[in-house]
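Novice: with the input below, show me the fold.
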Amino acid sequence: SLVDLGHNVTVIASIIKSRKVKKRAFNFESKYSLVQYGSYLPFSIRSGLNFLLGYLVFRREYSLRKFDVVNCHRVSYAGLIMRFAKKRLNFPLVMTPHGEDIQRIPEINYGLRLKKGWEKRIGKNLLIADAVTAISDSIKQEMDFLSQQKIFAIPNGINLDEFVPQKSFKLHDDLRLDYRTKIILSIGRNHVKKGYIYGIKAFKYLIEKYRITDLVYVIVGRDVENLSYLLSKLGLQNRVFLVPQKDRPTILKYYQSAWCFFSPSIVEGLSMVSIEAMATGLPLVVTDVPGNLDIVRDNKCGIIVKNKDPESMARGILDLYLNKELYNKFAEIAVKQVKNYEWSNIAKKYLDVYQFAIERCNSRK
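Specialist: Residues are numbered from 1 along each chain as shown. Below you'll find the model as predicted:
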């Protein structure tokens, strides 16, 4: 989107050692320059080799391209490189934390800042930045040690052209479900922070307590098959379906097949899958945690339930199930409000922050 607005963009990123992941991550055409750094040697991170290579590649590109401003995404390891570079080159620097590098959830041991030494490192990285962007209010609250004048709330965006709020039965066909079946959909890799265990227990409570027969729960993502033990334990093999990660076109069809989107997460930076669900016209049922709460609270497009509370989650889904007028209202609001997350609009907000950083950096020289 920045390129479309007439700007030259260079992305400097570390190499991805897994060939499978590398193919998935970079198998696309781009309008910007992509420069990679790093080593495939063992222990290249621990030894500091990748740090050195990252700095040298950045310095080379900075000399060649004369960057007007640098936006460092993720403020842990990349932040260390940029702090080192800024001390020597003094360029306008914007930093953008995304989740694990700034959030802390001690009960599930989530967050780099809980690990020895990283609280101080990340704090120093953010302090040296001329401006900082927060993808959600929850992320902003984690940076209360910074001057609030240099923090700007800018969410991540999506490409709305990808999404069409129309009905598909692709997921029904793949799972051999009756077309009248309503699908509660969750998307994302199986990680403790996603709270899928609580989501499955909530669905168990919902169908047993209220004897609902036309709902199923589908979880799509990497490693979700590891939850199959819980389905067997709860006797949900025919009502909850675990679908491995799919390609992008298939995921888009799965959104269109769903009845609502459900995020039982314990924490999120900003739930991009919830925003994508909005673009497809799906009402949301999300937990009251950072990165989830922000989306529904700000857009009034769904129901907020208590995290790690299967009964509260079940009641939230039930409210949506029993109230068709409420369901239609949330669906309409979702499609309308998701325009706020269009990348072209988000890019313009970043340009304002870049200008702030440039002026602040110049005033301190």
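
Novice: and the closest residue to residue 257 other than its chain neighbours, helix, strand or coil?
Specialist: Nearest non-adjacent residue to residue 257, counting by CB to CB, 6 or more residues apart in numbering: residue 171, 3.5 Å away. C-beta: built from backbone N, CA, C; applies to glycine. Following DSSP: H, G, I helix; E, B strand; the rest coil, residue 171 is assigned to helix.

Novice: for this protein, longest helix please?
Specialist: Determined from DSSP state H, the single longest helix within the chain is helix 343-363.

Novice: tell me the mean pLDDT over that one?
Specialist: On average, the pLDDT along helix 343-363 is 97.

Novice: CA atoms only: put it into CSV for me.
Specialist: The C-alpha trace of helix 343-363 is given here as CSV (Å, rounded to 0.1, in the frame of the first residue of the first chain):
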residue,chain,number,x,y,z
TRP,A,343,-4.4,-1.4,4.1
SER,A,344,-4.6,1.8,2.0
ASN,A,345,-6.1,3.6,5.0
ILE,A,346,-3.6,2.1,7.4
ALA,A,347,-0.7,3.1,5.2
LYS,A,348,-1.8,6.7,5.3
LYS,A,349,-1.7,6.6,9.1
TYR,A,350,1.8,5.2,9.0
LEU,A,351,2.9,8.1,6.8
ASP,A,352,1.8,10.5,9.4
VAL,A,353,3.9,8.7,12.0
TYR,A,354,6.9,8.5,9.7
GLN,A,355,6.7,12.3,9.3
PHE,A,356,6.6,12.7,13.1
ALA,A,357,9.6,10.5,13.5
ILE,A,358,11.6,12.4,10.8
GLU,A,359,10.8,15.8,12.5
ARG,A,360,11.6,14.4,16.0
CYS,A,361,14.9,12.9,14.8
ASN,A,362,16.0,16.1,13.0
SER,A,363,15.1,18.2,16.0
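
Novice: domains of this protein?
Specialist: 10-157+343-363, 160-341 (automatic domain parsing).

Novice: one step back: burial measure for the residue nearest to residue 257, as a count.
Specialist: Per other CB atoms under 10 Å, the neighbour tally for residue 171 reads 25.

Novice: roughly how far does it sit from residue 217?
Specialist: 12 Å (CB to CB, to the nearest Å).

Novice: understood, closing this out.
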